[in-house]
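Novice: The sequence and its predicted three-dimensional model are supplied below.
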Amino acid sequence: MSGSTRYFDRDAAGLAALIRMRAAALHGLDVTVGIGPNPLLARLAAHRGEPGAIRTVPDDPEAIARFLAGLPASALPGVGPATARTLASYGLRTADRIAATPLLTLQRILGAASGRELRDRAAGVDPAVSSPAPRPARSTPNTASARTSPTPPAGGPP
């Protein structure tokens, strides 16, 4: 996304307006665009509310908590009908309730990895987003060893 904002010289909202305009002009579609601090929140914003709009979730912990408050558990990625029923049997029907649940409790209900991922998603943390690893230092070949040959030249000593 940052490359697009630099290329088109627009902020995220301006880029979203451009996408909506081009989709309407080229394809006759009225699209919904979600903007958020990570792909998870942008996707949830796009799916929440009426179609044909630009929805923004600010990069502020309080705004993220307000946005997620009351969001049904089934709206979170990875929560299908069976998981939603299991969570509902424990009274965990919304994202804010799931985010407030102790991690160990969720891990007992869903398993270690699934409990951790669901708690992160319910808090607005996208587990797929990570900071890029630092690039390894480039090694340079040893010029002396690059010039020597493991086999002696023909006609020389063995």
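Specialist: Done, it's in.
Novice: Count the neighbours of residue 83 for me.
Specialist: Residues lying near residue 83 (other C-beta atoms under 10 Å) number 17. (Glycine included, C-beta is placed from N, CA and C.)
Novice: how far out from the middle of the chain is stretch 41-51?
Specialist: 14 Å (C-alpha atoms, centre = their mean, to the nearest Å).
Novice: Same question for it: list its buried residues.
Specialist: Of the residues in stretch 41-51, those with enough neighbours to count as buried (16 or more other C-beta atoms under 10 Å) are 41, 42, 44, 45, 46.
Novice: sec struct for the last one, please.
Specialist: When you say that, I think you mean residue 46. Residue 46 falls in the helix class when you classify it by DSSP: H, G, I helix; E, B strand; the rest coil.
Novice: Please report how far the residue lying closest to residue 37 once chain neighbours are set aside lies from residue 67.
Specialist: Excluding its sequence neighbours, the residue lying closest to residue 37 (C-beta to C-beta, 6 or more residues apart in numbering) is residue 59, at 3.9 Å. Separation of residue 59 from residue 67 (C-beta to C-beta, to the nearest Å): 11 Å.
Novice: got it, and residue 126?
Specialist: 14 Å.
Novice: Can you pull the residues that touch both of those two?
Specialist: residue 41 (C-beta atoms under 8 Å, 6 or more residues apart in numbering).
Novice: Mind checking which of the two has more residues around it?
Specialist: Set residue 126 next to residue 67 and count neighbours by other C-beta under 10 Å: residue 67 wins out with 22 against 17.
Novice: Secondary structure element holding that one?
Specialist: Per DSSP states H and E, residue 67 falls inside helix 61-68.
Novice: Would you state the helices of this structure in chain order?
Specialist: 2-8, 12-27, 39-47, 61-68, 81-89, 95-100, 103-110, 112-122, 143-147 (DSSP state H).
Novice: Format those as TSV; extra columns: mean pLDDT and distance to residue 54.
Specialist: Output for those, formatted as TSV (pLDDT from 0 to 100; distance: least, C-beta to C-beta, whole Å):
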stretch	mean pLDDT	distance to residue 54
helix 2-8	71	15
helix 12-27	91	5
helix 39-47	94	9
helix 61-68	95	15
helix 81-89	97	29
helix 95-100	96	22
helix 103-110	97	33
helix 112-122	96	23
helix 143-147	50	57
